[in-house]
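In: Show me how the following folds:
(2 chains)
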Amino acid sequence: MSFSDTVRHSYQSDIEGIKTTGLFKEERYIHSPQSSEIEVEFPVGSQTKKCINICSNNYLGLSSHPEVIAAAHAGLDARGYGMSSVRFICGTQDIHRELENRLSEFLGTEDTLLFPSCMDANAGFFEACLNEQDVMIADRLVHASIVDGMRLCKAMQDTYKHSDMSHLEEKLQEHQDKRFRMVITDGVFSMDGDMAKLAEIVALAEKYKAMVFVDDSHATGFIGKTGRGTHEHCGVFGKIDVITTTLGKALGGASGGCVSGRRELVEMCRQRARPYLFSNAVAPVIVGGALKVLDLISTTTERRDKLEWNAEYWRGLLKEAGFDLKEGHTPIVPVMLYDAKLAQDFARDLFDEGVYAVGFFFPVVPKGQARIRTQLSAAHDKHHLDTAIEAFKKVGKKHGILGLGKKELVAKFAA
Amino acid sequence: MDEITKVVRDYIIREYVQEGDDREISETTPLLSSGLVDSFSMVSLLRFLEKKYAIHIPDADATPEAFDTVQRIVALVRRFHRAGVGSV
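Out: Below is the predicted model:
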């Protein structure tokens, strides 16, 4: 079988379909390290443009931190470039175990297992730990990787309305006949920037004998007084059975993720989680960098404090300018536009004004919920935000949306 | 609106419409293709129907298209009810 014209045309037609529905994604080439200001080539072939970056997951500004880079270099020199092996054959170095122990200590858990990414951790966890006698009850807005992981698992799947605790309670009551129940949620929801009601979830889980799983990828390192995560913020540190999180966002932003939690659940992943078993070990250079990140954020809360200040300041600027925001207290600040085309046009206009932000619309967010998701970083200084807000105001004025609420915005762009 | 249509519509509103979401659900409102119900949370709807009407809807028939409106869901329930037992 060759890649015949018929096959090619079929794929071309699918790609055209993606373009027609406005869902085609294009990469923008960045010619600089990740930071609050980046050099962007867009469209491809054009001169690079210096922009304020307000859409990265570089929450703590550690992606290009000199001490992290130095530690990564040292890791590369001391332990080499690659492992050429999965962990259980000959891919585990002393520093892999050291990083796992340090993560357990930081997150307040019994044990930790590294994965190539948190996507892999979520994809592998459920199948390794639950079976057809069990039920998984997930918040409806959990990350796509959790949905994929649940699909691979034989346990019954159920969902509850986003952060609706009485709906969750109904589901827990309904599934009392199951061997194990697991409540599954993100700690901070990536699209809305709101936090799970973890204290209430833990209380319900105790009442109805359920385990609690939290993906804290958008929280580890900066949510909570010492940045341990959503469980610290909600006063349930040490009470979460499973935390999955990433090294690919606040913790240096390279790659890698983990499952951290009850010793036996982590061990089940070590024995059975397929993305762990069949992927190479995290590269030593990343392990070295991540260990330095943990040193930095364990000794001072300076960076998460600055991030918190930046987020509140930015929210205030946007509100004052008359934008419609999703309420919250995290560094994810969605500017609601509701209309998909407006979100695309708005992001393009911001880019012209030197601000790099991205429009999100269906299917990434529900229909009619299009937005510009802004994300703050400790790498932002006040002047970045003061400059960025001027661009937002200018573009907002151009589209005539300043001061409009949801109803007005929907009505204006429905026509 | 007949009884089964009312039961299905009420369940969908109770189960899927988030508090504060003021959208109307009619018999022909798209459910999956509009993103109100995703294929993942469709499982609870399937389980509800099977339990309520004592029917079994095979995976091959429980397609996103067959679940896309209240009208289609009702037709599906009726079809399988005729094929088996249970009270509709």
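In: Might you report the residue contacts of the closest residue to chain A within chain B?
Out: Residue nearest to chain A within chain B: B:S41 (4.2 Å; C-beta to the nearest C-beta). All C-beta spots, glycine's among them, are computed from the backbone N, C-alpha and C. The contact partners of B:S41, by C-beta atoms under 8 Å, 6 or more residues apart in numbering or on different chains, come to A:140, A:159, B:15-16.
In: JSON lines for those, including pLDDT, neighbour count and secondary structure?
Out: Shown next, in JSON lines, are the contacts of B:S41 (pLDDT from 0 to 100; neighbours: other C-beta atoms under 10 Å in any protein chain shown; DSSP: H, G, I helix; E, B strand; the rest coil):
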{"residue": "A:R140", "pLDDT": "92", "neighbour count": "19", "secondary structure": "coil"}
{"residue": "A:T159", "pLDDT": "93", "neighbour count": "27", "secondary structure": "strand"}
{"residue": "B:E15", "pLDDT": "89", "neighbour count": "17", "secondary structure": "helix"}
{"residue": "B:Y16", "pLDDT": "87", "neighbour count": "20", "secondary structure": "helix"}
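In: Looking at these, spot the one nearest A:F126.
Out: Within those, proximity to A:F126 (C-beta to C-beta) peaks at A:T159, which comes in at 13.9 Å.
In: so what's the closest one up against?
Out: A:137-140, A:171, B:40-41, B:43-44.
In: Give me the neighbour count for A:D345.
Out: 16 (other C-beta atoms under 10 Å in any protein chain shown).
In: pLDDT score assigned to it?
Out: We have a pLDDT of 94 for A:D345.
In: From the chain's centroid, how far away is the helix or strand containing it?
Out: Using DSSP states H and E, A:D345 falls within helix A:340-352. In terms of C-alpha atoms, centre = their mean, to the nearest Å, the centre of helix A:340-352 is set 22 Å apart from its chain centre.
In: Does it reach chain B?
Out: No. Figure legend: helix A:340-352 not in contact with chain B (C-beta under 8 Å from any C-beta of the partner chain); closest approach 11.9 Å.
In: related to what we said a few turns ago, out of the contacts of A:T159, which end up buried?
Out: Buried members of the contacts of A:T159, counted by 16 or more other C-beta atoms under 10 Å in any protein chain shown: A:137-140, A:171, B:40-41, B:44.
In: which among those gets closest to A:L60?
Out: A:D139 (25.5 Å).
In: re the thing from before, just the closest of the contacts of B:S41 to A:H31, please.
Out: Closest approach to A:H31 among the contacts of B:S41 (C-beta to C-beta): A:R140, at 39.2 Å.
In: hang on, the earlier thing: can you redo the contacts of A:T159 as TSV with distance to A:V212?
Out: Output for these, formatted as TSV (distance: C-beta to C-beta, whole Å):
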residue	distance to A:V212
A:I137	10
A:A138	12
A:D139	11
A:R140	17
A:K171	14
B:F40	20
B:S41	20
B:V43	21
B:S44	20
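In: Spell out which parts of chain B neighbour chain A.
Out: Contacts of chain B with chain A, taken as C-beta under 8 Å from any C-beta, map to B:15-16, B:18-19, B:34-36, B:38, B:40-41, B:43-44.
In: which two from those end up farthest apart in space?
Out: That would be B:E19 and B:V43, which, of these, are the farthest apart (C-beta to C-beta) at 21.7 Å.
In: how much space between the most centrally placed residue in chain B and A:K154?
Out: Centroid-nearest residue in chain B: B:I73, 4.5 Å away (criterion: C-alpha atoms, centre = their mean). From B:I73 across to A:K154, the span is 26 Å (C-beta to C-beta, to the nearest Å).
In: same thing with A:V285?
Out: 37 Å.
In: More neighbours: the two, which one.
Out: Counted by other C-beta under 10 Å, A:V285 and A:K154 do not tie: A:V285 has more neighbours, with 21 against 12.
In: I'd like the average pLDDT over the helix or strand where A:C269 lies.
Out: Here A:C269 sits within helix A:263-272, counting by DSSP H and E. For helix A:263-272, mean pLDDT rounds to 98.
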